[in-house]
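In: Below: sequence and its predicted model.
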Amino acid sequence: QAQLVESGGGLVQAGGSLSVSCTPSGRAFGLYPMAWFRQTPIKGREFVAFIARDGLNTNYGDNVKGRFTVSRDSGKNTVTLQMNSLTAEDTAVYYCAGEATHNGAPYYDALRYSYWGQGTQVVVSS
């Protein structure tokens, strides 16, 4: 059974930086596209970032573009989201997601992804 495990969340002051990582187990996720989403009770689930299997093609949500960077280390089978210039609006539970087989949904659609982690909380204090 494939699993995704996020780590690295926590509390940070506004303007600061934080990184969260996703480490899959039980499946060679180094071969598959991955994404990050975040969720809050008010905004619901929101697309954050996407990274293709080659690690070269990336896309970002408008709210994080220019501040967040997604990368992958195929050797370590890890996907990392580096978050800079954080604001209170970035407070959320962050989830990584993995695509098993392409179902035609766009990269920013949660329906594209079959595997999800348990989430890691990020709190930005203002």
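Out: Good, I have the coordinates.
In: can I assume T87 is in contact with Q13?
Out: No: counting by Cβ atoms under 8 Å, T87 does not reach Q13; the two are 10.4 Å apart. Quick note: C-beta positions are derived from backbone N, CA and C, even for glycine.
In: Please say which of the two ends up with more neighbours.
Out: T87 (13 against 9; other Cβ atoms under 10 Å).
In: got a list of what the more buried one touches?
Out: A14, G15, V124, S126 (Cβ atoms under 8 Å, 6 or more residues apart in numbering).
In: Could you do V122 as well?
Out: 9-10, 12, 18, 20, 38, 83, 86, 90-94 are the contacts of V122 under Cβ under 8 Å, 6+ apart.
In: Which strand or helix spans H102?
Out: Counting by DSSP states H and E, no helix or strand carries H102.
In: which residues of the chain score low on pLDDT?
Out: 1-2, 27-31 (pLDDT under 70).
In: Could I get the full set of strands for it?
Out: Ranges of strands within the chain are 3-7, 10-13, 18-25, 34-40, 44-51, 58-60, 68-73, 78-83, 92-98, 115-116, 120-125, based on DSSP state E.
In: hang on, the earlier thing: output the contacts of T87 in a markdown table; the columns should cover neighbour count.
Out: Converted to a markdown table, the contacts of T87 look like this (neighbours: other Cβ atoms under 10 Å):
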| residue | neighbour count |
| --- | --- |
| A14 | 14 |
| G15 | 11 |
| V124 | 19 |
| S126 | 10 |
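In: Mind putting these into JSON lines with distance to D73?
Out: Below are the contacts of T87 laid out as JSON lines (distance: Cβ to Cβ, whole Å):
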{"residue": "A14", "distance to D73": "29"}
{"residue": "G15", "distance to D73": "27"}
{"residue": "V124", "distance to D73": "26"}
{"residue": "S126", "distance to D73": "32"}
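In: And R112, how close does it get to N77?
Out: Counting by Cβ to Cβ, to the nearest Å, the gap between R112 and N77 amounts to 20 Å.
In: Equivalent analysis for I42, please.
Out: Taken as Cβ to Cβ, the span from I42 to N77 is 34 Å.
In: ok, these two, which is more surrounded?
Out: N77 (16 against 6).
In: I'd assumed T23 was in contact with that one.
Out: Yes: shown here, N77 and T23 form a contact pair, counting by Cβ under 8 Å, at 6.7 Å.
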